[in-house]
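Trainee: The sequence and its predicted three-dimensional model are supplied below.
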Amino acid sequence: MHLYGLVAAPFVAYLIGVTDVAHPDVKEKSSWIQAAFLIGWALGGGFFGRLGDKLGRSRALSLTILTYAIFTGLSFFAQTWWQLMIFRFISALGIGGEWAVGSSLLSETWPKRWRPWIAAVLQTGVNLGVLLACLTTFLMADLHPKWVFLVGVLPALMVFWIRRHVPEPEEWTAAKAEAVGREPGIGDLFRGKVLRTTVLSIIVCACGLTAWWAFMFWHAQHLRNLPDLDAAKQAAYQLAVTSGSFGDKIPSAVAWVTAEKQRVVSTAFFLIISSSIVGNFFAAALARKFGYRRSIAASYAGFFITMFVTFIQPRGWESLLWIWFPAIGFFSGVFGLFTMYLPPLFPVLLRTTGAGFCYNIGRIASAAGVVIFGLFSKVGDFRSALLYGAYLFVPAMIVALLLPEPKDTDAPGPVGELAD
């Protein structure tokens, strides 16, 4: 999911034949690639979500993993920026589908009273994967950026274990047997009582995810292009040359500074995700005490405040790296809550379709946001794009309070029942 964001600028610069990662064409093409990825994520959530309701959670989960693993690996072979865009689009279909299928699978197999905590654990699994992406790019900073994509093939090995050891949930099996010939379709998301839940969920997810992905994508570009970071790395290079630290193997200033910037970007990702892990359990604790919708609204408020304060004025790379970026990352734990919150809001045979569609359709808005915010920002300066993104948390926070609260007990009830 995050490998591309960490190497987007240098890899796209290579594909389009320029050496300056701050070149306007690098910004434009990398934006379109990320937009295609987010659109694929949205469509994958709906497509594989539907397969999850039709074929079963375990079978659909295996298909999603194979899709994103294979096409992430194929990104290694991209020769043009548009080939990379196609590979990222198809890999995103699987990533979006895995969220839809996996969240429903867990919500149907874990006791309801444990849901906020398993949501935190699940989101921490995502964060650990991102940390592995940071470690990959950190260790491979001296190699061509394309090599990191081969690491994305490894999840395919899990498919064999999943097919042998992960059975279909009893809840899905029973509902499937009972609803022969009268299973709900996608159109049922926009009928009856489900309609209101669908619309509100889309708004909350679209606004929140657009702001978060604008930050996750553009913060690395913003950090890499800060003048004080460039000056600091150039000075460190000159000091290393003068002191003889390089010995007889003195690299060019451009290559050395580029590699050092990549390590700073990877470190920033590491700090953001590390603080996110703490935030996952903070969000879970809020959900246990105050319910999901209030916790989502409170976390969005924290998101807005920290992003607004961070980007309302220019800041040096060291304060962004060690203070402000981790503060923003802390509130991303809210997205873990959606994994356990959304599926129970929908009937069993509409669960992966509903959760996958509502959560992931926001990626289309996110795709537009990444491109629009990027195009309107100054060349080499993405602070304005990141500041604009912060404002999206305000409507998301308000609408979150209008969502229903699922019943959080272990007592069985009607399929798809919502709280009064």
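Mentor: Yep, it's here.

Trainee: how close does G5 sit to V12?
Mentor: 11 Å (CB to CB, to the nearest Å). (C-beta placed from N, C-alpha, C; glycine too.)

Trainee: meant to ask about Y300, not that
Mentor: Taking CB to CB, one finds Y300 at 31 Å from V12.

Trainee: Grab the longest helix from this structure for me.
Mentor: The helix that spans the most residues within the chain, counting by DSSP state H, is helix 253-290.

Trainee: show me the contacts for I328.
Mentor: Contacts for I328 (CB atoms under 8 Å, 6 or more residues apart in numbering) come out as 215, 272, 303, 306-307, 310.

Trainee: any low-confidence regions in the stretch 201-350 of the chain?
Mentor: Within the stretch 201-350 of the chain, the segments meeting pLDDT under 70 span 227-259.

Trainee: Buried residues of the helix or strand hosting D25, list them for me.
Mentor: Per DSSP states H and E, D25 falls inside helix 24-55. Neighbour-count burial for helix 24-55, counted by 16 or more other CB atoms under 10 Å, picks out 26-53, 55.

Trainee: what's the answer for stretch 176-191, then?
Mentor: Here stretch 176-191 shows 176, 184, 188-189 as buried, counting by 16+ other CB under 10 Å.

Trainee: Also stretch 131-138?
Mentor: For stretch 131-138, a neighbour-count test (16+ other CB under 10 Å) marks 131, 133-134, 136-138 as buried.

Trainee: Give me the distance between the nearest residue to G52 once chain neighbours are set aside and C207.
Mentor: Distances taken as CB to CB, 6 or more residues apart in numbering place T352 nearest to G52, at 3.4 Å, with adjacent residues excluded. For T352, the distance to C207 (CB to CB) stands at 23 Å.

Trainee: Next: F47.
Mentor: Plainly put, F47 is 23 Å away from C207 if you go by CB to CB.

Trainee: who touches G102 in this structure?
Mentor: 57, 61, 122, 339.

Trainee: Can you give me every residue that contacts the second one?
Mentor: The contact partners of L61, taken as CB under 8 Å, 6+ apart, are 52, 98, 101-102, 105, 162, 166.

Trainee: In terms of pLDDT, where does it sit?
Mentor: If you check L61, the pLDDT there is 89.

Trainee: and Q313, how many residues sit next to it?
Mentor: 8 (other CB atoms under 10 Å).

Trainee: my read is it is in a helix, agree?
Mentor: No. Counting by DSSP: H, G, I helix; E, B strand; the rest coil, Q313 is not part of a helix but coil.

Trainee: Can you pull the phi/psi pair for it?
Mentor: For Q313, the backbone dihedrals (degrees, to the nearest 10) come out as phi -140, psi 160.

Trainee: With the one 3 residues further on instead?
Mentor: Dihedral angles phi and psi of G316 (degrees, to the nearest 10) take the values phi -70, psi 160.

Trainee: Would you agree it is in contact with L223?
Mentor: No. With contact defined as CB atoms under 8 Å, G316 does not reach L223; the gap is 10.5 Å.

Trainee: higher neighbour count, the two?
Mentor: L223 (20 against 12).

Trainee: measure that one to W41 for me?
Mentor: For L223, the distance to W41 - CB to CB - is 24 Å.

Trainee: on that earlier part again, of Y300 and V12, which one has the most company?
Mentor: Per other CB under 10 Å, whichever of Y300 and V12 has more neighbours is V12, with 28 against 25.

Trainee: Show the contacting residues for the closest residue to K261 other than its chain neighbours.
Mentor: The shortest distance from K261 to any residue other than its chain neighbours is 5.2 Å, reached at R224 (CB to CB, 6+ apart). R224 makes contact with 9, 21, 261, 264-265, according to CB under 8 Å, 6+ apart.

Trainee: Kindly recompute the last result at 7 Å.
Mentor: Contact analysis of R224 by CB atoms under 7 Å, 6 or more residues apart in numbering lists 9, 21, 261, 265.

Trainee: Can you tell me how far the last one is from I312?
Mentor: Translated: V265. For V265, the distance to I312 - CB to CB - is 22 Å.

Trainee: Neighbour count for those two, which is higher?
Mentor: Legend: neighbour count by other CB under 10 Å for V265 and I312, higher for V265 (26 against 11).

Trainee: and the closest residue to that one other than its chain neighbours, what element?
Mentor: Once flanking residues are discounted, V265 sits nearest to A220: 4.8 Å by CB to CB, 6+ apart. Of the helices and strands defined by DSSP H and E, A220 is found in helix 192-224.

Trainee: buried set for that helix?
Mentor: 194, 197-198, 200-224.

Trainee: swap in stretch 149-162?
Mentor: 149-153, 155-156, 159.

Trainee: mean confidence score for it?
Mentor: 84.

Trainee: again with stretch 364-376
Mentor: Stretch 364-376 comes out at a mean pLDDT of 66.

Trainee: Let the chain start at 405 from now.
Mentor: New numbering, starting at 405: the last item is stretch 768-780.

Trainee: helix, strand or coil for V584?
Mentor: Following three-state DSSP, the label given to V584 is coil.

Trainee: Tell me where the stretch 455-604 of the chain has strands.
Mentor: With DSSP state E, counting those that start in this stretch, there are no strands along the stretch 455-604 of the chain.

Trainee: all helices of it, in order?
Mentor: Listed in chain order, the helices of the stretch 455-604 of the chain (DSSP state H, counting those that start in this stretch) span 461-478, 485-511, 519-543, 562-569, 574-582, 596-628.

Trainee: Pick out the shakiest of those helices, pLDDT-wise.
Mentor: Minimum mean pLDDT among these: helix 562-569, a mean of 80.

Trainee: Other residues contacting that helix?
Mentor: Here helix 562-569 has contacts from 462, 465-466, 469-470, using CB under 7 Å, 6+ apart.

Trainee: orientation of that helix relative to helix 461-478 in degrees?
Mentor: 170 degrees (axes from the mean of the first three to the mean of the last three CA atoms, to 10 degrees).

Trainee: May I have helix 562-569 as PDB, with CA atoms only?
Mentor: Taking Å, rounded to 0.1, in the frame of the first residue of the first chain, the C-alpha atoms of helix 562-569 are listed here in PDB:
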ATOM      1  CA  MET A 562      -0.200 -16.400   2.900                       C
ATOM      2  CA  VAL A 563      -2.900 -17.500   0.500                       C
ATOM      3  CA  PHE A 564      -2.100 -21.200   0.900                       C
ATOM      4  CA  TRP A 565      -2.500 -20.900   4.700                       C
ATOM      5  CA  ILE A 566      -5.700 -19.000   4.500                       C
ATOM      6  CA  ARG A 567      -7.400 -21.500   2.200                       C
ATOM      7  CA  ARG A 568      -6.500 -24.400   4.500                       C
ATOM      8  CA  HIS A 569      -7.100 -22.800   7.900                       C
END
